[in-house]
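Student: coords please:
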Amino acid sequence: MRPLRALPLIVLLFPGFACAQVISPSYTFTAATFAPVIQALPEPLRAAVQSDPKAFLEDYRPLLSQNEDLLVLVDKKHELASDYEPSDLVALRSPAFEVNRGDLKFRKAYLPALAAMTAAAKKEGLRLDLSSSYRSWIYQRDLFQRYVNKDGLATAERYSARPGQSQHQLATVIDFGSVTPEFGETREGKWLTAHAGEYGFSLSYPDGLESLTGYVWEPWHYRYIGKEACAVQARWFGGIQQYLTEFHYAQARTLKAALKK
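Tutor: Take a look at the predicted model:
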């Protein structure tokens, strides 16, 4: 227990004062008004934020000004519209990229990050094959139906998204390599695990978290969310993209409103 003599006199005289103090120079939050913002986080994550709310809020601030599409929540409960299609799609071609198909597309705005990551891997003697990228709503509809016809609805839903529920429609996702669990054990798969975040790419569906993400482990499926978001994800959200995107979906507006002008 902290000795009473170590507490500021004003806190001793007015116990509610600490709760009324602004906890970050960039926001209007007090301890009392910030508590509901993090209430829905899993307990270990919430405890970490509560231990240093100023650091959390300062780390999170860049995410509030980046393009909104980078952290949009797309999962089995949150769908993209059937006509959603980014306006800056560009083709991924060799020799700039190692492409396994001729119809791959990605967001032009984030192409430099993908190019930098594949180039860095190449310098280490690794080949990051690009196997899948942007998928339209219609494409995903037909793909999902083929999987249902092949394996049945219950099984298909574990490894494939319904139309509108696929992150691929954002055009910020790349499937690498063999698109099989074995990819995670390859040199390329291990390199991505260690370094993808340095280039702003985040693994969407980690091993053992199907109950959270809705999908089985996909060591090949990486989504570009930006370097700052990857750093925040690693430090404050247990390295789990789903926790970050759910939090951002629920609280980004509140966080923006609390920013000091």
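Student: which regions of this structure sit below the pLDDT cut-off?
Tutor: 1-19 (pLDDT under 70).
Student: can you pull out the helices in it?
Tutor: Assigned by DSSP state H, the helices in the chain fall at 9-13, 17-20, 31-34, 43-51, 53-60, 111-123, 137-151, 153-159, 187-195, 210-213, 227-236, 241-258.
Student: Just put those in TSV and tack on distance to Asp175 and mean neighbour count.
Tutor: The C-beta positions use only the backbone N, C-alpha and C, and glycine is treated the same way. Shown next, in TSV, are the helices of the chain (distance: least, C-beta to C-beta, whole Å; neighbours: other C-beta atoms under 10 Å):
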stretch	distance to Asp175	mean neighbour count
helix 9-13	54	10
helix 17-20	48	13
helix 31-34	38	17
helix 43-51	28	13
helix 53-60	29	18
helix 111-123	13	16
helix 137-151	12	15
helix 153-159	12	13
helix 187-195	11	16
helix 210-213	15	13
helix 227-236	18	19
helix 241-258	15	18
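Student: Which among those helices is found nearest to Asp83?
Tutor: helix 137-151 (7.4 Å; C-beta to C-beta).
Student: what sits up against the closest one?
Tutor: 80-84, 135, 156, 159-164, 166, 168-169 (C-beta atoms under 8 Å, 6 or more residues apart in numbering).
Student: Asp103: which of those is nearest?
Tutor: Taking the contacts of helix 137-151 together and measuring to Asp103 by C-beta to C-beta, the closest member is Arg135, at 10.0 Å.
Student: Next, the contact list for the closest one, please.
Tutor: Per C-beta under 8 Å, 6+ apart, neighbours of Arg135: 143, 166, 168-169.
Student: let's go with 6 Å and repeat that
Tutor: 168-169 (C-beta atoms under 6 Å, 6 or more residues apart in numbering).
Student: Also Ala48?
Tutor: With C-beta under 6 Å, 6+ apart, Ala48 has no contacts at all.
Student: Now with 10 Å, please.
Tutor: By C-beta atoms under 10 Å, 6 or more residues apart in numbering, the contact set of Ala48 is 38, 41, 55-56, 235-238.
Student: and if you look at Ile240?
Tutor: Contacts of Ile240 by C-beta under 10 Å, 6+ apart are 42, 45, 202-204, 206, 209, 212-213, 233-234, 246.
Student: same deal with His168?
Tutor: So His168 contacts 74, 132-136, 139-140, 143, 161, 174-175, 221, 223 (C-beta under 10 Å, 6+ apart).
Student: Separate out the buried members of these.
Tutor: Among those, those buried by neighbour count (16 or more other C-beta atoms under 10 Å) are 74, 132-136, 140, 143, 161, 174-175, 221, 223.
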